[in-house]
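Novice: Requesting a structural model of the entry that follows:
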Amino acid sequence: MKQQSSMNGERIFNIAVVGLGKMGISHLSVANRTPGLKVTAICDSSQLVASMIEKYCRIPSHRNYDDLIRMPGLDAILISTPTRMHEQMIRSALECDLHVFCEKPMTLSAAVSADLAGEAVRRGLVTQVGYHNRSVGTFREAKRLIDAGAIGRLRHVHAEAYGPVVLKPSTKTWRSKANEGGGCLYDYAAHPANLMNWYAGDPAVCCGAQLTSQWSASVDDAVYADLAFQNGVSGQLSVNWADESARKMTTRITLAGDGGKIVADRQELQLFLGTNGVVQPGYPRGWTIKYITELTPHPSFYLRGEEYSDQLETFAAALAAGRSDPTADFASAAVTDRTLEMIRAASENRPAEQLPQAAPVRQRRPNILSRVLGSA
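Specialist: Have a look, this model is predicted:
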C-alpha cells in the first residue's frame, strides 16, 4: 500500500478501525469522510459485522489484530473496543510505530495510561483519546474564557452528567462488568471528570466519594465526589446514568471565579462578569448567553454531532503536523484516569495506589446484537 495524497497534494493517512460496535461504526463513518484520513481496514471479533461492512463499504476486514497492525502502509489505529482491551492494543500499536486514537477511558489503570503516554512521546507518535466534550463549542469557549482571565482566578468547578442508560435491572454486557470498564464511573463520569481536568488540572486528593447502585448488580449507577485540585480549586462531581428525567446524556459545567461565573452545557454558554471580571469581546459586564450555533464551525461531515467530526479532524491535523494536540492526547487522558482512580479509592476508603488491578476476563465470542449495542 503506497502513500497517498489528496488532490491539493496533502498527505492522506491510512487508518484502521478496531471494534465495530456503536461508537466504532460511528467513528468509521466519520473517519472515512474526514479530510486527510482514509479507512483502509477494519477489525472486529464478530465476523458477521465485519463481513457486512467489507461487502458494502469495500473495506478489507481482519479477524486478527496482530496481523492488522502489521499491514504495510498503515499509519494509524482507531481503537473502539471495551476498555479492558485498550492497554494491550495500544501497546502493540505503539510497538509497530502506529499513531493511535483510542476511545475513552484510556485504560483501567492510571499508571498504565501514564506509561503508554510516555512511550508514545518517546516514539514521536501522535495520540488522542475520544473525550468529545473538549470538541463541543460551548465547553471549548469556557476554556478559552478561563485562559483569558475573564472570571479571574478559578475557585470552584461543579461538573454534572445525567442520563437514562440503566432504568431497570441491567442485562449482562461489558458495561455491566467493572473489570471490563463498565459502570457509571468509567463509562459516564469520565466525560465530566475530563472537563474538570481541562479547566482545573490534576486533583491533589479526592476528599470523599460515593458510588451507588440503583439497578445494576455489580457496577455503580451514580457517582458523587468532592475533589481538591493542586492549584487550590475545589470541585464537585455529580453523575447518574439511571436518571429517567433526562431524555439523553446531559452534561453541565459550572465554573466560579473571583470575577464571575460560567455555566455551560451542550446547547449554550452563560457568562456572568462581575466587578472584578475582565471584559472580553462580545461579553460585557453582567450576563451574556452564547448558543452552540454561534460557537461551532461547520464540520466536514456531520454524524451524531459536530464534536465527533471535530475530534477526528483534530486527529488528522495532528498527524499532518507530526505532533499530538495536547487538548486530548494520552497525557491528558492519563490525568483523567488518575482522577477516576482517586474517586474509586475514596469510595472504598483506601489510597488510590493500593487499588488492585482489574481481574483478567476470559475472551468470548459475542453475538451480533451484543456487539452492536454493547460496544464502546
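Novice: ok now do residue 270, which residues does it touch?
Specialist: Contacts of residue 270 were listed using C-beta atoms under 8 Å, 6 or more residues apart in numbering, and they are 262-264, 287-289. In this view, the C-beta of every residue, glycine as well, is placed from N, C-alpha and C.
Novice: Parallel or antiparallel, list what pairs with the strand or helix carrying it.
Specialist: The secondary structure element spanning residue 270 is strand 268-273 (assigned by DSSP states H and E). Sheet neighbours of strand 268-273, with direction, are listed as strand 260-265 (antiparallel), strand 286-291 (antiparallel) (DSSP bridges).
Novice: so how far is it off the chain centroid?
Specialist: Once both centres are worked out by C-alpha atoms, centre = their mean, to the nearest Å, strand 268-273 turns out to sit 25 Å from its chain's centre.
Novice: circling back: please identify the most buried of the strands paired with strand 268-273.
Specialist: Among the strands paired with strand 268-273, judged by mean count of other C-beta atoms under 10 Å, the one packed with the most neighbours on average is strand 260-265 (a mean of 22).
Novice: Other residues contacting that strand?
Specialist: Contacts with strand 260-265, where a contact means C-beta under 8 Å, 6+ apart, come from 138-139, 141-142, 145-146, 150-152, 250-255, 269-274, 276-277.
Novice: If we use 7 Å, what do you get?
Specialist: Under the contact criterion C-beta atoms under 7 Å, 6 or more residues apart in numbering, strand 260-265 has outside partners 138-139, 142, 145, 150-151, 250-255, 269-274, 277.
Novice: what's the average pLDDT for it?
Specialist: Confidence for strand 260-265, expressed as mean pLDDT, is 98.
Novice: Residue 301 - how many residues pack around it?
Specialist: Using other C-beta atoms under 10 Å, residue 301 has 16 other residues around it.
Novice: What sits closest to residue 336 if chain neighbours are left out?
Specialist: Once its chain neighbours are removed from consideration, residue 336 has its nearest residue in residue 194; the separation is 4.5 Å (C-beta to C-beta, 6 or more residues apart in numbering).
Novice: my bad, residue 248
Specialist: The spatially closest residue to residue 248, leaving aside those adjacent along the chain, is residue 163, at 6.2 Å (C-beta to C-beta, 6+ apart).
Novice: Would you confirm that that neighbour contacts residue 245?
Specialist: No. The pair residue 163 and residue 245 does not pass the contact test of C-beta atoms under 7 Å, sitting 9.8 Å apart.
Novice: And the two? Which one has more around it.
Specialist: residue 163 (21 against 9).
Novice: related to what we said a few turns ago, how much space between the residue nearest to residue 248 and residue 145?
Specialist: When C-beta to C-beta, to the nearest Å is applied, the distance between residue 163 and residue 145 equals 26 Å.
Novice: for residue 177, same thing?
Specialist: Here the distance between residue 177 and residue 145 works out to 40 Å (C-beta to C-beta).
Novice: quick one on the thing from earlier: tell me which two of the contacts of residue 270 sit farthest apart.
Specialist: Based on C-beta to C-beta, the longest span within those runs between 264 and 287 and measures 13.3 Å.
Novice: quick one: contacts for the closest residue to residue 311 other than its chain neighbours?
Specialist: Taking C-beta to C-beta, 6+ apart, and ignoring the residues beside it in sequence, residue 311 has residue 135 as its nearest neighbour in space, at 4.7 Å. Contact criterion C-beta under 7 Å, 6+ apart gives 307, 310-311, 314 as the residues in contact with residue 135.
Novice: Quickly name whichever of those residues is closest to residue 90.
Specialist: Out of the contacts of residue 135, the one with the shortest distance to residue 90 is residue 311. That distance is 17.2 Å, counting by C-beta to C-beta.
Novice: Would you agree that closest one falls within a helix?
Specialist: Yes. Following the definition DSSP: H, G, I helix; E, B strand; the rest coil, residue 311 is counted among the residues of a helix.
Novice: Check the burial of it by counting its neighbours.
Specialist: Residues near residue 311, counting by other C-beta under 10 Å, number 26.
Novice: average pLDDT for the helix or strand encompassing residue 193?
Specialist: With elements taken from DSSP H and E, the one containing residue 193 is helix 190-200. Here the mean pLDDT over helix 190-200 is 98, rounded to a whole number.
Novice: packing partners for it?
Specialist: In this structure, helix 190-200 makes packing contacts with helix 137-147, strand 154-162, strand 234-240, strand 250-257, helix 330-347, judged by 3 or more C-beta pairs under 7 Å, 6 or more residues apart in numbering; DSSP states H and E.
Novice: quick one on the thing from earlier: specify the angle between the strand holding residue 270 and helix 137-147 in degrees.
Specialist: Using axes from the mean of the first three to the mean of the last three C-alpha atoms, to 10 degrees, the inter-axis angle of strand 268-273 relative to helix 137-147 is 20 degrees.
Novice: Could I get the phi/psi values of the closest residue to residue 137 other than its chain neighbours?
Specialist: Residue nearest to residue 137 in three dimensions, not counting chain neighbours: residue 295, with 3.3 Å by C-beta to C-beta, 6+ apart. In terms of degrees, to the nearest 10, the main-chain angles of residue 295 are phi -110, psi 10.
Novice: Look up how far residue 306 lies from residue 295.
Specialist: 10 Å.
Novice: The chain: helices as residue ranges?
Specialist: Counting by DSSP state H, the chain has helices at residues 22-31, 47-57, 65-68, 86-95, 110-123, 137-147, 184, 190-200, 292-295, 306-321, 330-347, 368-374.
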